[in-house]
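A.B. asks: Here you go, sequence then predicted model.
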Amino acid sequence: MKANEHPQSDAGEQVSVLLIADPGEPAALAERIAEYLPERLRSPDRVERRWTTCVRRKPYLPDEQADFAEVIDTVDPSSEEEDVVVYLTDLPRREDTLPVVADVSTDHNFALISVAGVGGVHIERRVRTVTELAIARVLGEPELMPTGAARQFPSAQIRGGIRYFAPSGLRRLRLLSGMVRANRPWRLVTGLSKVLVGAFATGAIALATSTIWLFADTMGPWRMSAATVLSIVAMVLWLILDHELWERPKSPQEHDRSVLYNTTTVVTLVIGVVVLHVALFGLLLFTASLTLPSELLSRVLGHGVNFSDYLTLAWLLASIATIGGALGSGLEDDAAVKEAAYGVRQRQRLEEARQPSNEAG
């Protein structure tokens, strides 16, 4: 459909919506939203109107701060057969320090939605709300807007359209949590299989050392906590340095973006390593309970032992194992770890997107 044209209101009209999405979390969201979007947009005033949706996975956005007009030129929604084009990206969009959730152009029947801008909780519901809000704005039909959506997301006119911002209150934290969610920390945990094996082997070897039993019995909770924190920090630093995950700004204008990307990467890695640490704790606790007789442990410690002594021992062993796992992370496939780096992942996607056009040329 051409720009500035809207579906006719004749009985039996059909409105088609194309959801373009970056690979990963945006694409998964687009698939789920496309399933029930026709039902959500059905209006009692136009019962014969039929909605159709389709999804395309492709990264278009060259840079998070690309001008909206540049994004429109890149996507070229007027060349699509669908009536409305909505592009979901996990790149953070900001105006100064304000997180942007959507840019909408009624002239081009196009909307750009930043999944990261809606936050890290209730993400599907919020993205669905913003999508419905954008479609209602494009079609000029306020009755299609979800109840309260216009108040929830403040808006302002921009060149070429209207811009919606994240709800007030903890906006920057909301943006950070959305970016961490887009990083999918759980994939980091499953990807670090070699680290888990190496770390568990380190802990199992330490379990056979009676000196470790004495350390666990005498260190106390404060020293044990310090050892845990240091082991997690060591693991995170090793992952960042060994896999070159740190974003270095090439200009003063990129400083804010690098800080945001690096913070997201660090938080993602910390979550992943903490989960890894907890998994090691559980494995080593089970191993210690199964292989280390309480009589032997009591004889070395010089007092009777109970389950809390095994918990303390597993706590220390998990910290030691995490440090050992940091060394093993050097053997891990870069692809599994670099998924946790926001900037690295975006560059890889854009390179993949350019390959077909380069090959065609």
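C.D. replies: That came through fine.
A.B. asks: biggest helix in this structure by residues?
C.D. replies: helix 255-291 (DSSP state H).
A.B. asks: could you give me the average pLDDT of that helix?
C.D. replies: Mean pLDDT, helix 255-291: 89.
A.B. asks: do stretch 313-325 as well
C.D. replies: The model assigns stretch 313-325 a mean pLDDT of 88.
A.B. asks: ok, now stretch 199-209?
C.D. replies: pLDDT averaged over stretch 199-209 gives 89.
A.B. asks: Quick one: the helices in the stretch 201-350 of the chain, in order.
C.D. replies: 210-218, 220-242, 255-291, 294-301, 307-328, 334-338, 342-360 (DSSP state H, counting those that start in this stretch).
A.B. asks: and the longest one, how far from the chain's centre?
C.D. replies: The chain centre lies 15 Å from the centre of helix 255-291; the measure is C-alpha atoms, centre = their mean, to the nearest Å.
A.B. asks: what's the angle from that helix to helix 210-218?
C.D. replies: With axes from the mean of the first three to the mean of the last three C-alpha atoms, to 10 degrees defining the directions, helix 255-291 sits at 110 degrees from helix 210-218.
A.B. asks: Name whatever forms a beta bridge with the nearest residue to Ser105 once chain neighbours are set aside.
C.D. replies: The shortest distance from Ser105 to any non-neighbouring residue, by C-beta to C-beta, 6 or more residues apart in numbering, is to Gly161 (3.9 Å). Every residue, glycine included, has its C-beta placed from N, CA and C. Counting by DSSP bridges, Gly161 is bridged to Ile158.
A.B. asks: Tally up the residues packed near Gly161, please.
C.D. replies: Gly161 has 21 neighbours, counted by other C-beta atoms under 10 Å.
A.B. asks: And the protein, split by domain according to the record?
C.D. replies: 14-170, 184-360 (automatic domain parsing).
A.B. asks: just checking, Val118 touches Thr131?
C.D. replies: No - using C-beta atoms under 8 Å, Val118 is not in contact with Thr131; the gap is 10.4 Å.
A.B. asks: Comparing the two, which residue is more hemmed in?
C.D. replies: Using other C-beta under 10 Å, the more surrounded residue of Val118 and Thr131 is Val118, with 29 against 26.
A.B. asks: Tell me, how many residues neighbour Thr129?
C.D. replies: 21.
A.B. asks: Actually, Thr147.
C.D. replies: Neighbours around Thr147, by other C-beta under 10 Å: 8.
A.B. asks: got a list of contacts for the helix or strand hosting Val71?
C.D. replies: Assigning secondary structure by DSSP states H and E places Val71 in helix 68-75. Here helix 68-75 makes contact (C-beta atoms under 8 Å, 6 or more residues apart in numbering) with 20, 60-62, 66, 85, 87, 103, 105, 108, 110, 112, 158-161, 163.
A.B. asks: so the helix or strand just after that helix versus helix 68-75, what angle?
C.D. replies: Per DSSP H and E, helix 68-75 leads on to strand 84-89 as the next helix or strand towards the C-terminus. In terms of direction (the same axes, to 10 degrees), strand 84-89 departs from helix 68-75 by 100 degrees.
A.B. asks: So which residues of the stretch 101-250 of the chain form strands?
C.D. replies: 110-114, 155-158, 161-165 (DSSP state E, counting those that start in this stretch).
A.B. asks: which residues does the closest residue to Leu98 other than its chain neighbours contact?
C.D. replies: Spatial nearest neighbour of Leu98, chain neighbours left out: Phe165 (5.2 Å); criterion: C-beta to C-beta, 6+ apart. Contacts for Phe165 (C-beta under 8 Å, 6+ apart) come out as Glu95, Leu98, Pro99, Val100, Val101, Phe153, Pro154, Ser155, Ala156, Arg171.
A.B. asks: What about the residues you listed, which one has the most neighbours?
C.D. replies: Val101 (31 neighbours).
A.B. asks: Does it touch Gly117 like I think?
C.D. replies: Yes - between Val101 and Gly117 there is a contact under C-beta under 8 Å: 4.1 Å.
A.B. asks: Need the residues touching each of the two.
C.D. replies: Joint contacts of Val101 and Gly117 (C-beta under 8 Å, 6+ apart) are Arg93, Ala166.
A.B. asks: Quick one: the contacts of Phe165 as TSV, columns for distance to Gly302 and pLDDT too.
C.D. replies: Listed next are the contacts of Phe165 as TSV, based on distance: C-beta to C-beta, whole Å; pLDDT from 0 to 100:
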residue	distance to Gly302	pLDDT
Glu95	66	86
Leu98	62	86
Pro99	58	90
Val100	64	92
Val101	62	94
Phe153	65	91
Pro154	66	91
Ser155	70	91
Ala156	71	92
Arg171	57	82
